[in-house]
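Q: Just need the structure, nothing else, for what follows:
(2 chains)
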Amino acid sequence: MGRSLRSFAVLVLGYFAVLEAMLWLSLVFWPDFEANLKLLKVMTKIAPIRELVDVLREGELPGYIVFQHFFKGCLFLGGAAAVLFAVNAVAAEAHRGTLEILLSRPQSRLRILLERWLFGALALLLPVFASTWTIPTLVERVEETIELQPLMLGAVHMSCMLLAIYSGTFFLSTIGRHPVRIAIGALFFAVFELATYFVMEATNWSVVRFVDPRLFVDIFTRKSLDWEICGGLLAFAGLATVASLIAFQHRKP
Amino acid sequence: MGGGQTSIEVAGITRRFGRTVAVHPLDLQVEPGVTGLLGPNGSGKSTLLRMLVGLVRPNGGKATVAGVRLRGDGTAVRKRVTYTPGELGVYGEMRGREHLSWLLRGRDGGALERATDVAARLGLPLAKKVHAYSHGMKRQLFFAAAIAPRVPVRILDEPTEGLDPSKRREVLDLVAEDAASGTTVLLSSHHLLEVDRACERLVFLNGGKLIADERSEELRRRARRLVRLTFDDSTESTESALAALGVGEVRRHEEDFTVVLPDDDPRPLLAAIAGSEALPTPATISYGEPSLRDLYRDLYGVEGV
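A: Numbering: from 1, shown residues only, chains lettered A, B, ... in the order given. From the prediction side, this is the model:
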């Protein structure tokens, strides 16, 4: 338990520190960044990026913050963390030959897997909420103010997406024994989805649309979640977790 | 076999991996004491042991271990059984003591202290990080974790593999001490000579099938009736000359011969060989300690082990 708690603490603190550093860096450039947006829009011909720039301009500081924190920080860093935590849960154990000793202890497989899933999910989501919670304080440093409650709703929305990525990869980890292959597969998938997101004709087919900056601006403005998207992402995460539990019951060490 | 209470009872248990049958339907009863499960690599030993602790699900049959019926993922069995895997995967970043504690999670309160004592007896440096351990040291670490908890049954997959002779003896002594207190130990090996002294009973597997189940003293008595001879140039006439000695049944296996004696005294055969003019001088004569391959071939008629 000591080892698990230590690893957990290191993961959570490290991931939180990087998210927080990214937030800091993004705020250093405010409000200069705002002045550059118009120029950026003129320069780029890619329609979805022009659309992004519009969102940032219309959203003002909250638009800028949700873009920097949720779309850039949490999606990219959080997505990578989700894959990393998930592949380590089972596939990495199988790869280094420790799955057999893990399974031979007097604990049920259900408990082993749920414990691992829960630790990974907490390590993934706690820094998202913690760093979101610090935003109003950080914003005061550049003599601005921002409401915490709608930001926390954004964190809930982001968490649904991260849980979906985490649970999907967790399922692959449960049935696989090559963590690097799974991670590379996830990386290719992410690049493909991002490329699709930036193609005007195909952008609506990209899963990145579920965490579009405009959605976060809407959540901030309306102060309510988009339950259709959150529900869908949570349903996917739930199904992937149930599939992992079933697969793990029959897993050979 | 024996009149003790059965600790492990297996009825028709079987396991396939794709088209390969790793364990054919197998029946086995194991009583308290030390039972050796022997067989060459790929004979199904590890699969059988893994099935008994719920690590691999059987495709058919049933098993009861330590009074608990094997069901689902075998958690109920693992609470009453300790197990050491044949393949050693470790968390190299942990220190020995920390690893031992991790392995003993869920066991009785005194298990860690007893495991530490066992490790000390084996001379295992628990303060060292496990990645610095040799193969044999890792094996001892797992053994210490398996022998320490208070459970009625221990299942040990190749517990002496990779150990030097003195450590092997130490491990087998600890197994014998443990069994003397009423524990049931089922251990596997593919080296007969490594474990036969510690085992009261030997069960032989080959190709996923149980081919023999004997008391070890009976096996040793039968094995002492086998004398193996090799000659630099063996011919048909060598075989006839051996048969003409009239001191036992002669079996030829390509270049070497086995003489099956009527009793366990080899002296009449040795005297006859020395006195024979028709027989060339043997290159080697071996007696008393058959390899698993010789045993399978000469006692159970299984070739190619």
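Q: Quick one: end-to-end distance for stretch B:194-202.
A: 12 Å (CA to CA, to the nearest Å).
Q: Buried residues in it, which are they?
A: For stretch B:194-202, the neighbour count (16 or more other CB atoms under 10 Å in any protein chain shown) marks B:194-196, B:198-202 as buried. All C-beta spots, glycine's among them, are computed from the backbone N, C-alpha and C.
Q: What pLDDT is listed against the closest residue to chain B within chain A?
A: Using CB to the nearest CB, the single residue of chain A nearest to chain B is A:G97, 2.6 Å away. Note on A:G97: pLDDT of 93.
Q: show me what contacts the nearest residue to it once chain neighbours are set aside?
A: Setting aside the residues directly before and after it, A:G97 is nearest to B:G89 in space (CB to CB, 6 or more residues apart in numbering or on different chains), at 2.6 Å. Contact analysis of B:G89 by CB atoms under 8 Å, 6 or more residues apart in numbering or on different chains lists A:96-101.
Q: again, only this time at 6 Å
A: Neighbour list for B:G89: A:96-98 [criterion: CB atoms under 6 Å, 6 or more residues apart in numbering or on different chains].
Q: if we can go back for a sec, report how many residues lie close to the residue of chain A closest to chain B.
A: Neighbour count of A:G97, defined by other CB atoms under 10 Å in any protein chain shown: 15.
Q: Name the SS class of it, please.
A: Secondary structure for A:G97, judged by DSSP: H, G, I helix; E, B strand; the rest coil, is coil.
Q: And it, how far from B:G301?
A: Remark: distance between A:G97 and B:G301 (CB to CB, to the nearest Å) = 37 Å.
Q: can you check A:T196 too?
A: Counting by CB to CB, the gap from A:T196 to B:G301 is 66 Å.
Q: Name the residue in the two with the higher neighbour count.
A: More crowded of A:T196 and B:G301, by other CB under 10 Å: A:T196, with 18 against 9.
Q: Next one: the more buried one, what pLDDT does it get?
A: Note for A:T196: predicted pLDDT of 92.
Q: Let's see the helix or strand encompassing it as PDB, backbone CA atoms only.
A: Assessed by DSSP states H and E, A:T196 sits inside helix A:179-197. Listed next in PDB are the C-alpha coordinates belonging to helix A:179-197 (Å, rounded to 0.1, in the frame of the first residue of the first chain):
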ATOM      1  CA  PRO A 179       2.000  -1.000 -23.100                       C
ATOM      2  CA  VAL A 180       4.100   0.800 -25.700                       C
ATOM      3  CA  ARG A 181       2.100  -0.500 -28.600                       C
ATOM      4  CA  ILE A 182      -1.100   0.600 -26.800                       C
ATOM      5  CA  ALA A 183       0.300   4.000 -26.100                       C
ATOM      6  CA  ILE A 184       1.500   4.400 -29.700                       C
ATOM      7  CA  GLY A 185      -1.900   3.300 -31.000                       C
ATOM      8  CA  ALA A 186      -3.500   6.000 -28.700                       C
ATOM      9  CA  LEU A 187      -1.100   8.600 -30.000                       C
ATOM     10  CA  PHE A 188      -1.900   7.800 -33.600                       C
ATOM     11  CA  PHE A 189      -5.600   7.900 -32.800                       C
ATOM     12  CA  ALA A 190      -5.100  11.300 -31.100                       C
ATOM     13  CA  VAL A 191      -3.200  12.800 -34.000                       C
ATOM     14  CA  PHE A 192      -5.800  11.500 -36.500                       C
ATOM     15  CA  GLU A 193      -8.600  13.000 -34.500                       C
ATOM     16  CA  LEU A 194      -6.900  16.300 -34.100                       C
ATOM     17  CA  ALA A 195      -6.100  16.300 -37.900                       C
ATOM     18  CA  THR A 196      -9.800  15.600 -38.500                       C
ATOM     19  CA  TYR A 197     -10.800  18.400 -36.200                       C
END
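Q: mind listing what's buried in it?
A: Buried residues in helix A:179-197, counting neighbours by 16+ other CB under 10 Å, are found at A:179, A:182-183, A:185-186, A:190, A:196-197.
Q: what are the ranges of the strands in the stretch 51-200 of chain A?
A: Remark: no strands are assigned in the stretch 51-200 of chain A by DSSP state E, counting those that start in this stretch.
Q: Other residues contacting stretch B:125-136?
A: Among residues not part of stretch B:125-136, those counted as contacts by CB under 6 Å, 6+ apart are B:90, B:92, B:94-97, B:99, B:119, B:162-163.
Q: can I see the domain layout of chain B?
A: Structurally, chain B divides into domains by automatic domain parsing as follows: B:8-216, B:225-287.
Q: Which of the contacts of B:G89 sits closest to B:G12?
A: A:G97 (30.9 Å; CB to CB).
Q: From A:R50, how far out is the residue of chain B found nearest chain A?
A: As assessed by CB to the nearest CB, chain A sits closest to B:G89 within chain B, at 2.6 Å. Distance from B:G89 to A:R50, counting by CB to CB: 53 Å.
Q: ok, longest helix in chain A?
A: Criterion DSSP state H: the longest helix present in chain A is helix A:109-140.
Q: for it, packing partners?
A: Judged by 3 or more CB pairs under 6 Å, 6 or more residues apart in numbering or on different chains; DSSP states H and E, helix A:109-140 is in contact with helix A:2-28, helix A:79-89, helix A:148-175, helix A:227-249.
Q: of all those, which lies closest to B:T64?
A: Distance to B:T64, taken as CB to CB, is lowest for helix A:227-249 among the helices and strands packed on helix A:109-140, at 20.8 Å.
Q: and the stretch 1-150 of chain B, which residues reach chain A?
A: Within the stretch 1-150 of chain B, the residues that sit near chain A (CB under 6 Å from any CB of the partner chain) are B:55-56, B:73, B:75, B:78-79, B:83, B:85, B:87, B:89, B:105-106.
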